[in-house]
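Just need the structure, nothing else, for what follows:
(6 chains)
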4 protein chains.
Amino acid sequence: MTPKVPENYREARRAQILDAAAECFLEKGFHQTTMQDIFRASGLSAGAVYNYFESKDDIVTAMGEISRNRNVAMVSATPGPDDEAPLAKILESFFGIMNTPDAEKWAPLDLEIYAEAARNERIRKSIADNVRMSSDALIPLVEELQARGAYSADLDARSIIVAFSMLVQGMQILHVVDPKADLDAYVEVCLAIARGTFCAAPATNSNSKEA
Amino acid sequence: MTPKVPENYREARRAQILDAAAECFLEKGFHQTTMQDIFRASGLSAGAVYNYFESKDDIVTAMGEISRNRNVAMVSATPGPDDEAPLAKILESFFGIMNTPDAEKWAPLDLEIYAEAARNERIRKSIADNVRMSSDALIPLVEELQARGAYSADLDARSIIVAFSMLVQGMQILHVVDPKADLDAYVEVCLAIARGTFCAAPATNSNSKEA
Amino acid sequence: MTPKVPENYREARRAQILDAAAECFLEKGFHQTTMQDIFRASGLSAGAVYNYFESKDDIVTAMGEISRNRNVAMVSATPGPDDEAPLAKILESFFGIMNTPDAEKWAPLDLEIYAEAARNERIRKSIADNVRMSSDALIPLVEELQARGAYSADLDARSIIVAFSMLVQGMQILHVVDPKADLDAYVEVCLAIARGTFCAAPATNSNSKEA
Amino acid sequence: MTPKVPENYREARRAQILDAAAECFLEKGFHQTTMQDIFRASGLSAGAVYNYFESKDDIVTAMGEISRNRNVAMVSATPGPDDEAPLAKILESFFGIMNTPDAEKWAPLDLEIYAEAARNERIRKSIADNVRMSSDALIPLVEELQARGAYSADLDARSIIVAFSMLVQGMQILHVVDPKADLDAYVEVCLAIARGTFCAAPATNSNSKEA
DNA sequence: CATGAATGAGATTTCATTCAT
DNA sequence: CATGAATGAAATCTCATTCAT
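A predicted model of the protein is given here:
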């Protein structure tokens, strides 16, 4: 009488479908992936999939949200602002995680989601919320660093975080657009910015490397 | 046998079609835009459009190139590396240009093109080439600045440029994703990095992890 | 082996389903109503409904019969042919009943059933039988009235009844098609025909084309 | 440059499609007819049909309007109220036309359209308008007949016309529901009502036909 | 070169029905 | 008997592209 299926049965099925969809989307993009692709990849029938999602668009939107959550999960997996680690440590962690083959793999999907956000209010909301939330988590740390004089106190703490997250995103763009780009050199630049070694000192030990 | 139409007639028509397509792509994205949309927007018939482009994909690819050219044109419009202006001046120019309503308008299209690049070799090539070319143009300047000690000489000049261009792209992403974000504060952070005022004090409490 | 459920349990369930189906059919018609609609409206599961009806068609056919029975019940509720009442009295009763909001409500369903009858043999049979049966019941009365000279004796008694029932149906059609039509005036005409007051003077200027 | 197709080309195609659809609808009803049926019957491709109608519903609605026009055309083909013919003559004409095999053929479609009218505003409007217009045309005649004393002057002229048209419709219903019904006897009753011979005289020459 | 009607494979979605629990 | 997830054939509709005029 009462449901005989495990209570999280439906959740599991949804996840199964989204996993399958993610594979398809990665391979072909949102709009070149057909529902048939998703049926095949998920091992479910058309009707079954439509029991869990109202439309293809619904799957795309859910994917946008899922994907954001994946990114947030990555952020959460970093050391966290509770210890002595300065922003550079955290950034290092980020770049480390983003350099994982697993993370790289999702790069095209992330770009697609950004593009989708321009036209899909729910996705935009979801991204904006997550961005805001994850930067919130880091603001106290950055403000403390500003107080200690590590970073200019004139700057908006959230904007500092956003700038660094854009550098991280940049790595994903670089990945997609120019797979032969020297990513390590790029990471070095980003870390130098975070560590304050980008502009070493106002022209002290001029190690001139004239071409 | 000789063309009965003025030689730039075809060019004008192509431009007319690409303008119309750009409007459509901005509004709906590449894959949700139908050829019918383009016919309507361009005021031309199906046959006419197909006289100038072999396929929809052809239009998309051309759009990628157009978009790159537009961005390159913006770069070219900056003061240029021939005078005394440090990188910050150039960045300032970039951000200024990117803050134009006209430039903002194209942001979603740029994101769409990045997403497309993941699966369209021709577009990827076109972007990669342009990125490479425009950074090439700035490398001498950056290297000179490194020589002068403005930026750490240990870093790869091209990567420095790429990092800054990612910060610029970041502004576009921010635009799309969170229209209420404080863009000016973001720009301030980016400029501070370029000017060397991001880390006010030269890294006192030594989290220097010099390689 | 003996039924564990009360014997009228099944009947109650059937009625529950048919009630729900009637609501759906009224709202959307036979063919636009889905079984899912009926599941929802009845508060039963798919399996449960299919325990009581073999197919959707089975429900539609049963609905045709139900509807006929409802109409027959209305006829039966009239004074009946056993007293002195002339046909007009009976007609008056009919129209009175058909003017009830409850009866009006079923008008679209009746039309739907007529349409269905054209292609569903079972429904056609069911309607034809019921029509025949209910007119059978009134034939003695009409014949008596003809004998008394109230109605021309040259006419077929059953056809007289059918004609009047078509006038009643007409009210339903009028309802559906033109909700602002003056139904009372229409009823007056019908009653005048039944009462013999439609042609006040006995056909003076002879358009009598007596057969 | 200007259309090279005959100006009524599109009209002709629409008609072609509607003709094909009518055949299908007659055979299977609105909702059992598939678009494929219509493609096949019309000899056109899916795309071609959808160039002329936005949706299946659009075809159904157009069919409702077309069908009404067909009926109006029939009415218009009757002698008309300009001569000396009394209502009975006109009714006779109607019944004569409605008894045509061609007219009979459309009966199921008409019933279906009535059913559809309950849920399709455009169809309802179209029917209501046509009903109103065709009864308008007959009102002067009926009023004159009432003035002459042929029909009771107490009755609403329009309602008289509507009642007779319902008797005509009734013949169509009878056709569909009970193909073996004695239609001629039914017509006799209707004509008797129109001629004033239904209630011959208040019980004068009692031709008692006691069973 | 321009037109726009036509194509038709293929996309998304629906829905009557079944069946394991 | 009841449940409701699953099925999958079939329905509606789309859209890049062609081609006769």
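
Any stretches of chain A with poor pLDDT?
Low-confidence regions of chain A, defined by pLDDT under 70, span residues A:1-6, A:75-87, A:200-211.

That one: helices as residue ranges?
In chain A, the segments counted as helices under DSSP state H are A:9-28, A:35-42, A:46-52, A:56-76, A:87-98, A:101-117, A:121-147, A:157-177, A:183-195.

Just put those helices in JSON lines and tack on distance to chain D.
All C-beta atoms are positioned from the backbone trio N, CA, C, and that covers glycine. Compiled in JSON lines, those are given as follows (distance: least, CB to the nearest CB, whole Å):
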{"stretch": "helix A:9-28", "distance to chain D": "25"}
{"stretch": "helix A:35-42", "distance to chain D": "19"}
{"stretch": "helix A:46-52", "distance to chain D": "19"}
{"stretch": "helix A:56-76", "distance to chain D": "20"}
{"stretch": "helix A:87-98", "distance to chain D": "47"}
{"stretch": "helix A:101-117", "distance to chain D": "28"}
{"stretch": "helix A:121-147", "distance to chain D": "27"}
{"stretch": "helix A:157-177", "distance to chain D": "36"}
{"stretch": "helix A:183-195", "distance to chain D": "48"}
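
so which of the ones you listed comes closest to DNA strand F?
helix A:46-52 (1.8 Å; CB to the nearest atom of the strand).

is the closest one up against chain C anywhere?
No. If you take CB under 8 Å from any CB of the partner chain as the test, helix A:46-52 misses chain C, and the best it gets is 11.2 Å.

which of the residues in that helix are buried?
A:49, A:52 (16 or more other CB atoms under 10 Å in any protein chain shown).

wait, what's in contact with the residue nearest the centre of chain A?
Centre of chain A computed as the mean C-alpha position; nearest residue by CA atoms, centre = their mean is A:N71, 3.9 Å away. By CB atoms under 8 Å, 6 or more residues apart in numbering or on different chains, the contact list for A:N71 reads A:110, A:130, A:134.

residue contacts, the second one?
I take that to be A:N130. A:68-69, A:71-72.

ok, A:R13 to DNA strand E distance?
From A:R13 across to DNA strand E, the span is 15 Å (CB to the nearest atom of the strand, to the nearest Å).

That residue against A:Y52, yeah?
Yes. Using CB atoms under 8 Å, A:R13 and A:Y52 qualify as a contacting pair, with a distance of 5.8 Å.

before we move on, the earlier item: out of the contacts of A:N130, which two sit at the greatest distance?
When these are compared pair by pair using CB to CB, the two farthest from each other are A:N69 and A:N71, 7.3 Å apart.

Outline the domain layout of chain A.
Under the assignment named as automatic domain parsing, the residue ranges that make up the domains of chain A are A:7-53, A:55-195.

Please identify the deepest-packed of those.
domain A:55-195 (a mean of 19; mean count of other CB atoms under 10 Å in any protein chain shown).

Please see if that domain touches DNA strand F.
No. Using CB under 7 Å from any atom of the strand as the criterion, no contacts between domain A:55-195 and DNA strand F are found, and the smallest distance is 11.9 Å.

chain center to that domain, what's the gap?
Here the centre of mass of C-alpha atoms in domain A:55-195, compared against the chain's by CA atoms, centre = their mean, to the nearest Å, lies 5 Å away.

hmm, stretch A:56-69 touching chain B?
No. Under the criterion of CB under 8 Å from any CB, stretch A:56-69 makes no contact with chain B; the nearest approach is 10.4 Å.

which residues are contacting that stretch?
Outside stretch A:56-69, the residues within contact range by CB under 8 Å, 6+ apart are A:14, A:17-18, A:21-22, A:25, A:30, A:35, A:38, A:53, A:106, A:109-110, A:113, A:116-117, A:120, A:122-123, A:126-127, A:130.

how about a markdown table for the domains of chain A, with distance to C:T197 added?
As requested, the domains of chain A are exported to a markdown table (distance: least, CB to CB, whole Å):
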| stretch | distance to C:T197 |
| --- | --- |
| domain A:7-53 | 63 |
| domain A:55-195 | 63 |
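
ok, A:T100 to chain C distance?
Spatial separation of A:T100 from chain C under the definition CB to the nearest CB, to the nearest Å is 45 Å.

can you tell me which residues contact the closest residue in space to A:L138 that isn't next to it in sequence?
With CB to CB, 6 or more residues apart in numbering or on different chains as the measure, A:I161 is the residue that lies nearest to A:L138, at 5.1 Å, once sequence neighbours are left out. Contact criterion CB under 8 Å, 6+ apart gives A:135, A:138-139, A:142 as the residues in contact with A:I161.

Show me which of the residues you listed is closest to C:E188.
When these are compared for distance to C:E188 (CB to CB), A:S135 wins out at 78.3 Å.

The closest one and C:Q172, how far apart?
For A:S135, the distance to C:Q172 equals 67 Å [CB to CB, to the nearest Å].

Repeat that for A:R14.
Look at A:R14 and C:Q172: by CB to CB, they are 48 Å apart.

Same check on A:L26?
Taking CB to CB as the measure, A:L26 falls 60 Å from C:Q172.

Next: A:L138.
Counting by CB to CB - A:L138 and C:Q172 are separated by 71 Å.

One more: A:S134?
When CB to CB is applied, the distance between A:S134 and C:Q172 equals 65 Å.

same deal with A:F95?
Between A:F95 and C:Q172 the computed distance is 76 Å (CB to CB).

Same check on A:P140?
Distance of A:P140 to C:Q172, computed by CB to CB: 74 Å.

now swap in A:F198 and tell me
According to CB to CB, A:F198 stands 85 Å off from C:Q172.

ok, for A:L91, nearest residue in space, not its chain neighbours?
Excluding its sequence neighbours, the residue lying closest to A:L91 (CB to CB, 6+ apart) is A:A194, at 4.6 Å.

In this structure that neighbour contacts A:S93, no?
No. Distance between A:A194 and A:S93: 11.2 Å, which falls outside the contact criterion (CB under 8 Å).

What sits closest to A:R195 if chain neighbours are left out?
With CB to CB, 6+ apart as the criterion, A:R195 has its nearest non-adjacent residue at 4.5 Å, and that residue is A:A88.

go on, A:V176?
Using CB to CB, 6+ apart and skipping residues adjacent in sequence, the residue nearest A:V176 is B:A118, 4.7 Å away.

Need the phi and psi values for that neighbour.
phi -60, psi -20 (degrees, to the nearest 10).

That one reaches A:G29, doesn't it?
Yes. Between B:A118 and A:G29 a contact is recorded at 7.4 Å, counting by CB under 8 Å.

Identify the contacts common to these two.
Residues touching both B:A118 and A:G29 (CB under 8 Å, 6+ apart) are A:108, A:112.

any idea how far C:I97 is from A:S67?
Here the criterion is CB to CB. By it, A:S67 lies 64 Å from C:I97.

got it, and A:S135?
Relative to C:I97, A:S135 is positioned 72 Å away (criterion: CB to CB).

Ok, A:I97 next?
For A:I97 relative to C:I97 (CB to CB), the value is 77 Å.

Now flag whichever of the contacts of A:N130 is closest to C:D184.
Nearest member of those to C:D184, counting by CB to CB, is A:R68, at 65.1 Å.

and the gap between the closest one and B:V177?
From A:R68 across to B:V177, the span is 10 Å (CB to CB).

What of A:D156?
Taking CB to CB, one finds A:D156 at 17 Å from B:V177.

And for A:K89?
Shown here: A:K89 relative to B:V177, a distance of 26 Å by CB to CB.

Equivalent analysis for A:A15, please.
Following CB to CB, the distance that separates A:A15 from B:V177 is 25 Å.
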